[in-house]
Every structure is written in structure tokens, then in C-alpha cells.
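1. next one to model:
(2 chains)
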Protein chains: 2
Amino acid sequence: MALDAWVNESLYPAWGQRFRIKRELARAKSAYQDIVIFESESHGRVLMLDGVVQITEADEFVYQEMLVHVPLIAHGAAERVLIIGAGDGGVLRRVLEHGGVRRAVMVEIDAEVIRLAREFLPGIGGAAWQDPRAEVIVGDGIAYVAEAVNAAFDVVIVDSTDPIGVGEVLFTETFYAHAARILSPRGVVVNQCGVPFLQGEELIETSRRRSKSFPHVSAYLVAVPTYVGGFMALGWAAKDGSLTGLPVAEIERRAAAAGILGRTRYWTPEIHAGAFCLPPYIAELLP
Amino acid sequence: MALDAWVNESLYPAWGQRFRIKRELARAKSAYQDIVIFESESHGRVLMLDGVVQITEADEFVYQEMLVHVPLIAHGAAERVLIIGAGDGGVLRRVLEHGGVRRAVMVEIDAEVIRLAREFLPGIGGAAWQDPRAEVIVGDGIAYVAEAVNAAFDVVIVDSTDPIGVGEVLFTETFYAHAARILSPRGVVVNQCGVPFLQGEELIETSRRRSKSFPHVSAYLVAVPTYVGGFMALGWAAKDGSLTGLPVAEIERRAAAAGILGRTRYWTPEIHAGAFCLPPYIAELLP
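-> Next up is the predicted model:
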């Protein structure tokens, strides 16, 4: 790749973002996807899978904090967390920041993503890879949930690619049925559901599937700089309706107890509470 | 321009968005800037000034609703509104949706923007151009505020380009001093302050300038799909500190009285209230 070259994201056929790259760091074709890591001029290092931006060093905190802290704080006493995907290690790191978490299992299908992220994006996962509470499994997320025992987890976090290609099975009715089975009574599953302004169908369709196994299905929002197109929706499916709508003071109390208060750059108790308020253009996509 | 060509936004040197265009509709070099309007495949028609996206038909409601409804509802009894810039007519249209507004003065420096927007983006301004409460002036915003009488307006809305080039004078200490003078005691001025993730200096510097003339300076947020890079900050400067922090029920009551409740696709009372809660990475940029 020539110096001063631009990388064009290929997520949408007629619109997208582009980065000027300083240098390419890694390029691999795994059994599942094309993996590229490059150093950008504007956003630090960038991981792309099949031409779609997964993470940049500059803004990873936005997505990770909201994907992790919202369900864990909303649950209030999560000890056992299952992470599916998230091979870069960023979700694992945020989960382990919660003092009450005793076990975090991460199931990533692509060993190459883990290997390359640990080599070229070491700050994303940080010390989480060595944490004794972490169990990192290279394997198939749908197979893992099918085999896991009932009520084994308090929170399930799905940090996958969009529901096309390798990530598709993580958005099926079968997946959500297993998620409901392996979650404890206050359990919640969250997963990224794309940018509704451009991928509205993704939120509509996956919410419908979540509704088959969970009585409380909604979404919350985060403005991720490099998931361009306005708000990204994070899908929410819970057994217990009392997990959302918490007062800000209670969210703050739990965050202090968990040890995350004051350590975040995007998540705050107020933003946590407000993230469930959806603009009408997004609310109309939900069941 | 060839069919199937891409238009690259030139706002940032090393990152940006691009659109595939169906056809170019207008291209002009006015006394102030380069103006291009094209039909995109993904976002309807798009207006660019000096290579920077100003508005698209698909997402204009997001920015316009938040720029207009938040200050007008927060004021609660705004009758006289000054709009600076916003030559496309979209802000004027939203201002005139408020039943209590008796007079809306719009001062746009570039007659070519108005002419081309009315011809090629007629839905943006809609019937506002003919509203008897509207006064559209082609002129210099800084000269207008310098000549306006004391306490002539309840709300001033600055919808300009970034504080470079033609928009620069609308972010000076002189401008804010005049804005404070021509606003009534409950008056508020709002203006777009860029995307803090990428243009943090813009929010820092303009907030500092607003602080010289207003005791209550903050910002609120909106996730505009085509102002890429996460949240955009809308700068807030008021004489009265009670305009923010309103309960959601009061915001809703005022919106119903104004006639905008249920007519919006992004703004809601909850989103209005939540928009003033800033992630730490943005809050740290304010005075």
C-alpha cells in the first residue's frame, strides 16, 4: 500500500468514511474474514474486518464503555459475564474493571483477530488478557451458548460484526433462545445493532427475534465517532423490566461500588439514563 | 463530473466521509464560497460549501430540530428570533413552527446559497419563505447585530459554517457582546460548534469567547448522521441560568403549547433534557 494512500470503508455501497493511512501494520486472511490493521493519521491504529471498521485507538472507549457499563450497572450484581466476539480484548478489559465480576468468559471465533490485536493493539485489551478471572476461548459463540448450562451467566455481551457473514448466527432466534436459557433471572443480553439511520432493518429484525425469548426488548444509543451515521443502537433484551429506568442517583451509587465512577470518558450516570431515550426516527423501529 | 463518481468531503485532512453521486445539480462560485448541490445515492440531495457538507435531505431534521427547538422551548416565550446564516431555510422553517413566534429575521450573507437552495432544495425551507412573520435579509450577520437595537430578540440562532472563512466573524467576542446586548433578559444564543471529538479546539475557544458576555455558557449535543465524528456540540450562552435543567414534564407542556409536540423525528422532551448531559471527553472542553 502506497504512502499517503486512503482506505475507504466498504460497509455501505454509496456512502462511507475514509482514512488516510500512515502505514499498514498487518494484513491476513483468516478462515473467517479479511483482517487489516493500519496506522491512521487521524485515529491512531484501526482494525478492519472485511473492509469494515471495528475499532480505532482514538474512539474505542466510546463503544466499549457503553456496551459494557450499561448492562453491568443496570444488572447491579453481575458476577458472571459472557462476551461473544470482541477479539480485540476491549470489552473484556472493561468488564474486568467491575470489582464484582468474578468470571468473564470471552468466546471469539477467530484466533487470528486475537493474535493480531494482542500484537498490534496491545492497549485495547491491556492487562485483561492475563487477568485470572478471564477465560478466553477460541470457538463458535452459537455452539458455546448451546452447550452452556442454565442460568450460568448474569450478562451476555455480543460484540460482533453486523448480521452478515460470520456474525449472522449471533442474531438468530436460536441464539436468543439459548441466551435466555443461560441467563440468570435478572440477566440481560446486549448486542450491537448497527446505525439505525442507515441500517434500520437490522434493528427491526433483530429486535423482533429478541422478543421471542425475552419479555423486555429495547435499545439504547451511543454516538461512536467511527461508526458513522449518527447514533448506533445497542440492542437490549432482559427478563426483568426493572433494569432500565433506574434513577441517576442509583446508577451513580452502583458505579461507585463497582469501582468505575470517574474512570470513564463517555459513560456517566446521566448518559446511562438518557441513552434509553430514543428519537422517534429510531423508536419507530422497535417492536 | 462523471456518473458513478464519488464526492469526498474535505473538512479534515486525513479522514472524512464520501458520497456516491447520481448527478450534480448546481455548482457556483459566489463572492463568499464554492457552492455545490448534488443528488446522492444514499442521502437525497446534498449541499456543500467549500467542500464541506452543510445539509442533506435525509438527515436535515436532526440538526434543525435540535438547533431550533431546544432554545425556543427552553426560553418558553420566544416571540422574536434572529437567525444568522442558515441560507437553506431549514432553521427558519422550524422556528416558524412555533406558534408563539411573531417575527423571525434571517440574515444570510450569501444570496447565491438562498437562490440555489430555493431552487434545488425546496423542501428544506418549505412554505417558510412566504410566511408573513419571516424577514429574509441578504447581509452580514456581524453588521446586523452591531446595528440592531437593545433587547430586540429573545433567541439568536447562528447556523454558520465552521469558524474559518466566511463564518469566522460569527464566533468573535465582538459578535457575542452584540448578541448579549440585543437579547432580552431571558435571551439565549446558540450556535454550532463542530464535532468535539475532532474539533475540540472549536468548542474550547468559542466557549471562552461566549463567557466574556454571558454568565451561563455550556453546550448540548446532537448526533447528526452526516456531521460525522460522534456528537456535534451546539454552543449555549444565556443570561438566565434557569433555562436549562427544566423537568421533562415542563418541556413537554411547553412543546404542546408551541404546537411542535409529536411533529418531530429527533427532538423529544427527554432528548432535550438529556442533550445537556455531556460525556467527560466533551465536558472537559468547557470553561
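2. check the gap between the most centrally placed residue in chain A and A:Gly235 for me.
-> By Cα atoms, centre = their mean, chain A has its centre lying nearest to A:Asp159, at 3.4 Å. From A:Asp159 across to A:Gly235, the span is 12 Å (Cβ to Cβ, to the nearest Å). Bear in mind the C-beta positions are built from the backbone N, C-alpha and C, glycine included.
3. which residues does the residue nearest to A:Glu39 when sequence neighbours are not counted contact?
-> Excluding its sequence neighbours, the residue lying closest to A:Glu39 (Cβ to Cβ, 6 or more residues apart in numbering or on different chains) is A:Lys22, at 4.3 Å. Neighbouring residues of A:Lys22 by Cβ atoms under 8 Å, 6 or more residues apart in numbering or on different chains: A:Leu3, A:Phe38, A:Glu39, A:Ser40, A:Glu41.
4. burial of the third one, as a residue count?
-> Burial of A:Glu39, expressed as a neighbour count using other Cβ atoms under 10 Å in any protein chain shown, amounts to 16.
5. what is it paired to in the beta sheet?
-> Beta bridges link A:Glu39 to A:Arg23, A:Arg45, judged by DSSP bridges.
6. that one contacts A:Ala26, correct?
-> No - applying Cβ atoms under 8 Å, one finds A:Glu39 not in contact with A:Ala26, separated by 10.5 Å.
7. what sits opposite the residue nearest to the centre of chain A in the beta ladder?
-> Bridge pairing for A:Asp159 - DSSP bridges - gives A:Gly85.
8. that one and A:Gln192 touch, don't they?
-> Yes - using Cβ under 8 Å, A:Asp159 is in contact with A:Gln192, at 6.4 Å.
9. what do those two both touch?
-> Common neighbours of A:Asp159 and A:Gln192, using Cβ under 8 Å, 6+ apart, are A:Leu67.
10. give me the domain ranges for chain A.
-> Following the assignment in automatic domain parsing, chain A carries domains at A:6-56, A:60-283.
11. which residue ranges of chain A form helices?
-> A:60-75, A:90-96, A:111-120, A:122-125, A:141-147, A:173-182, A:196-211, A:248-258, A:269-274, A:280-283 (DSSP state H).
12. do you know which of those helices lies nearest A:Thr226?
-> Comparison of the helices of chain A against A:Thr226 by Cβ to Cβ identifies helix A:60-75 as nearest, at 8.8 Å.
13. report the distance from the closest one to the chain centre.
-> Here the centre of helix A:60-75 is set off from its chain's centre by 8 Å, with Cα atoms, centre = their mean, to the nearest Å.
14. look up how far A:Leu286 lies from the nearest residue to A:Thr206 once chain neighbours are set aside.
-> For A:Thr206, ignoring the flanking residues on the chain, the nearest one in space by Cβ to Cβ, 6+ apart is A:Phe171 at 4.9 Å. Using Cβ to Cβ, A:Phe171 is found at 15 Å from A:Leu286.
15. again with A:Ala74
-> Note on A:Ala74: its distance to A:Leu286, by Cβ to Cβ, is 18 Å.
16. the two: which has the busier surroundings?
-> Neighbour count, other Cβ under 10 Å: between A:Ala74 and A:Leu286, A:Ala74 has more, with 25 against 18.
17. for the more buried one, list the residues it contacts.
-> A:Val188, A:Leu243, A:Thr244, A:Leu246, A:His272.
18. so the first one bridges to which residues?
-> Under the criterion DSSP bridges, A:Val188 forms beta bridges with A:Val155, A:Ala238.
19. neighbours of it, how many?
-> By other Cβ under 10 Å, neighbour count at A:Val188 equals 27.
20. which residues of the stretch 151-287 of chain A lie near chain B?
-> Proximity of the stretch 151-287 of chain A to chain B (Cβ under 8 Å from any Cβ of the partner chain) is limited to residues A:195, A:197-198, A:221, A:223-225, A:228-231, A:264-268, A:270-271, A:273-274, A:277, A:279-281.
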